[in-house]
Structure formats: C-alpha cells, structure tokens
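Asker: sequence? don't have it. structure:
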C-alpha cells in the first residue's frame, strides 16, 4: 500500500522535473529601456505588524472589550448609537464576538439580522469565528446554516470559510456531513486545496478508516494537489498511535525523498508512538538526534517526554526534565507548565501544582483557561474548597470560566465547610453566566444550608443569592 503511493508521488515529481527542463531550454529576449530617474520615489508599505500599530483604534471596539458581560456590551452599543456614532463592520463584529463568547446566540442572531438589513459589507473572518463558537456550544446545525447564508450578508464565501466549516464538522464528529459538503465543493465554486484534503484525511483517520484516508491521498495526487507536511503528519500520527512504527518511519523516509522536510511535530508524533510502546529512552534519543538531521528540538518534543513521565507517575523525573530544559536555554511555555500541573493535580498534589503556577507567572506566562480549571478541580479533589475558591476568583478576574461541574462541586464543598458567603458568591457568578445547577446538585447545598426541610431550604438559598446579587449591583 505504502509503496504504491510512493511510486505515484515519484511519477508526479518526474513529470514536474521534465516540464522544468523544457522551460529551461527556451530563451527569452527583452527590450532594455534607458535608465530614467524616477520622478516619484516609490513609497514603501509598512510591515503588517507596524501598520496595525499605526492604525487608529476605534473607540467602541476598544471599550466593548473591557465590558464584563453581554448586557453591558449591548448597553454600550446603544449608548454609542445615541451619541451619534456610526456603527460599521468593526463595531458589529466586536459586539458579536463578545456575545458569542458568552454564548448569547439569540442576541448574536438579532445583531446579524441588523447587519444583513443594513447591507454592511462583512469579512469571512466573522463567520469563521462563529462556526467555532457554535461548535463549542454543540450547535453544529447553526454553523452549517450560517455557512449557506453567508452570501446574504454581503460577504463572499471563501475557500477558507469552507475549510473552517469542514474542520468544525470533523472535530464535532459530524464526518458524514463534512464528507457530503466536501463532495459538493465544485458546485459551490471551490477547488479543494491541501488544507481541504488534510481535513478529510483527518476525519477518515479519526474513524479508523485508513484505506479511505489513502483514497483521499491518491485523489490529491490525481488532482495535482501536493501533499504537505501536515498530510504526512496526520498519517504518521495515526500509525504511531497504533504502534505501527515501521509504517510511520517509512512515511518519514518518503517525506525526505520527496523534499518535504519533517518538522518538530513529525518527530513528536514518532516519539509519542515510542513512548506508548514503553520505549522512553529511544524517544529521548530521537529528540536529541533531531539536531543532526537539521532540526532543533522544540517545546512540543519536550512536552511528549514530560507527558509520558507524568502518565507513569514519575513526577520527580518530569520536574528534572523541566529543569534540564531550562539549562539548555529552552524557556517552558504555558503548555509545558500545564502538563506538569495536570499530573500533579491528578496525584492529589494540588498545593505543589499551585507552586508551579506561581513559578509560571514569575516567568512571565499568564495562566490560561485550562490552567485555572485544572487547579480548581485539583483543590476540589483534595477537599481544599477555600483554595479552590481563591483560584476561581483569580480565574474570573482573568475572564475565564470553569466547567459547570466545577461550580457545583465548589458550591457543595463550601457549604459543607460552613462558608455560605463563598457558596453564594459562586452561585451569583453562575447566575451572571446563565449557568444552572441540575436538581441532583442542588439537593446537597440545600440540605447542607437548611437541614432536611428541602422546600424551605430551597427558598432560603434562592433568597440569599438574590440578596447577594442586589448588593453587588
């Protein structure tokens, strides 16, 4: 199977070489113009990053980013309108992003209606972001519908938006929809590129259908679409995870022969396969051999080794490897710290994990949503609900939000500890985010706060929450 693909790639590369040789035989003659002094010196365009800094900020866009919730954002939008400010695409998109992040999709659709009615010219980046937000909220049908309606919003559907929807469908386990839409791409006026094919290959491999993935690979070659490093990485990752390292290393050699240079991710996938087979030392050797192949190890390679050590409970060795990284002048990032924090919390060592978090902040890295979630869950696991509450407050200040289950665990734990104020604070924050505890979770805090009289207790807790919310307002 693998050798047939290698021959197909070789035939394609030979035809390209032949065409290049033919073009090199042709000679071209050009007329030379006498040198004239340029009367108008050519203005150099500023670098994209510099241009962004020079661009004048839009007041509403800057202000809406500082608002705390969807209601504040909508109020600010109305205030600017009443002051005579003319809202255009940047204003509408900033507001829609804010609403979508807070999962207020009813308001998102209302604002989109205004955008369509006013025939405001839109960029496809807005819709690409909404596809992703809908997917996170498990509203995949909304994403598909929005894609089909893009042309009604004075916006051109691009191949990038097509690929974005395709990726959302594959990641959301809606592969049949992705395959069906991919089959109609020519009717929509799109010619699939390597990214489109890579997404489809990823989908087939996710289903474990390697033969179908090879068929897509063959179709790429037939349509003269060159496989990229990402294409090879998808296949190498699949075979590595299945323990078929011979097939994976065969693809690696084929990459080199075809002039596709393996990147750090390629080696990380092979290292992951070795670690899964219990060959940690071989994986470590592969990482240090990368330099001889012209590739410096990256953080992703260290991450594979640290993850394997943590998975096997060798936390001290993982810490030692982190220290070795620093000695080799590799600066750990949030992802590396998160790996260590995750395994420390799973081992019931949340206090140590918190020290790693502080070390990360001292090193200049801000914790992300995953960091905070692991820390709050870690403190809840060891029943240190006060510690969990402190991390939650820091998390909310950083505009991140924990899982619903974490909120429920904190409420129950804080009430059992007698911290009613802390429990009510958590409940108020849930109300502000339109999150609701299920009945089973409510039972514990009600009984803890009010004894066996559940009905009366439920009213008491509700009254406390309402009073706390009024005080904050």
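Answerer: That came through fine. Remember, it's a predicted structure, so these values are computed and weren't measured experimentally.

Asker: tell me which element the most centrally placed residue in the chain falls in.
Answerer: Centroid-nearest residue in the chain: residue 132, 9.2 Å away (criterion: CA atoms, centre = their mean). Using DSSP states H and E, residue 132 falls within helix 124-136.

Asker: Helix or strand with the lowest mean pLDDT in the chain?
Answerer: Lowest on mean pLDDT, DSSP states H and E among the helices and strands of the chain sits helix 2-25, with a mean of 44.

Asker: Run through the residues that contact residue 182.
Answerer: 166, 192, 196, 200 (CB atoms under 8 Å, 6 or more residues apart in numbering). The C-beta positions use only the backbone N, C-alpha and C, and glycine is treated the same way.

Asker: Check those residues and tell me the two furthest apart.
Answerer: The largest separation in those, counting by CB to CB, is between 166 and 192 at 9.2 Å.

Asker: which of the two has more neighbours?
Answerer: residue 166 (26 against 22; other CB atoms under 10 Å).

Asker: ok so, going back, what residues sit buried inside the helix holding residue 132?
Answerer: 124, 126, 127, 128, 129, 130, 131, 132, 133, 134, 135 (16 or more other CB atoms under 10 Å).

Asker: Stretch 280-299 now?
Answerer: Of the residues in stretch 280-299, those buried (16+ other CB under 10 Å) are 280, 283, 284, 286, 287, 290, 295, 297, 298, 299.

Asker: Quick check: the farthest pair among those?
Answerer: With CB to CB as the measure, no two of the buried residues of stretch 280-299 lie farther apart than 280 and 295, at 20.2 Å.

Asker: one step back: in JSON lines, list the buried residues of helix 124-136 along with distance to residue 204 and pLDDT.
Answerer: Listed next are those as JSON lines, based on distance: CB to CB, whole Å; pLDDT from 0 to 100:
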{"residue": "124", "distance to residue 204": "26", "pLDDT": "94"}
{"residue": "126", "distance to residue 204": "30", "pLDDT": "96"}
{"residue": "127", "distance to residue 204": "26", "pLDDT": "97"}
{"residue": "128", "distance to residue 204": "23", "pLDDT": "97"}
{"residue": "129", "distance to residue 204": "27", "pLDDT": "96"}
{"residue": "130", "distance to residue 204": "27", "pLDDT": "97"}
{"residue": "131", "distance to residue 204": "21", "pLDDT": "97"}
{"residue": "132", "distance to residue 204": "22", "pLDDT": "96"}
{"residue": "133", "distance to residue 204": "26", "pLDDT": "95"}
{"residue": "134", "distance to residue 204": "24", "pLDDT": "96"}
{"residue": "135", "distance to residue 204": "20", "pLDDT": "95"}
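
Asker: Looking at those residues, which one is closest to residue 431?
Answerer: Of the buried residues of helix 124-136, the one sitting nearest to residue 431 (CB to CB) turns out to be residue 133, at 21.7 Å.

Asker: which residues touch that closest one?
Answerer: Residue 133 touches 100, 101, 103, 105, counting by CB under 8 Å, 6+ apart.

Asker: now those: which count as buried?
Answerer: 100, 103, 105.

Asker: My guess is the second one contacts residue 138. True?
Answerer: No: counting by CB atoms under 8 Å, residue 103 does not reach residue 138; the two are 10.6 Å apart.

Asker: Could you measure from the residue nearest to the centre of the chain over to residue 221?
Answerer: Remark: distance between residue 132 and residue 221 (CB to CB, to the nearest Å) = 31 Å.

Asker: With residue 369 instead?
Answerer: In terms of CB to CB, residue 369 sits 41 Å off from residue 221.

Asker: Report the secondary structure state of residue 68.
Answerer: coil (DSSP: H, G, I helix; E, B strand; the rest coil).

Asker: Now for it, how many residues are close by?
Answerer: Neighbour number of residue 68 under other CB under 10 Å is 11.

Asker: got it, and residue 117?
Answerer: Neighbours around residue 117, by other CB under 10 Å: 8.

Asker: what about the closest residue in space to residue 61 that isn't next to it in sequence, how many neighbours?
Answerer: Among residues not flanking residue 61 along the chain, residue 94 sits closest, at 4.5 Å (CB to CB, 6 or more residues apart in numbering). Neighbour count of residue 94, defined by other CB under 10 Å: 21.

Asker: Narrow the buried residues of stretch 280-299 to those in helices?
Answerer: 280, 283, 284, 286, 287, 299 (DSSP state H).
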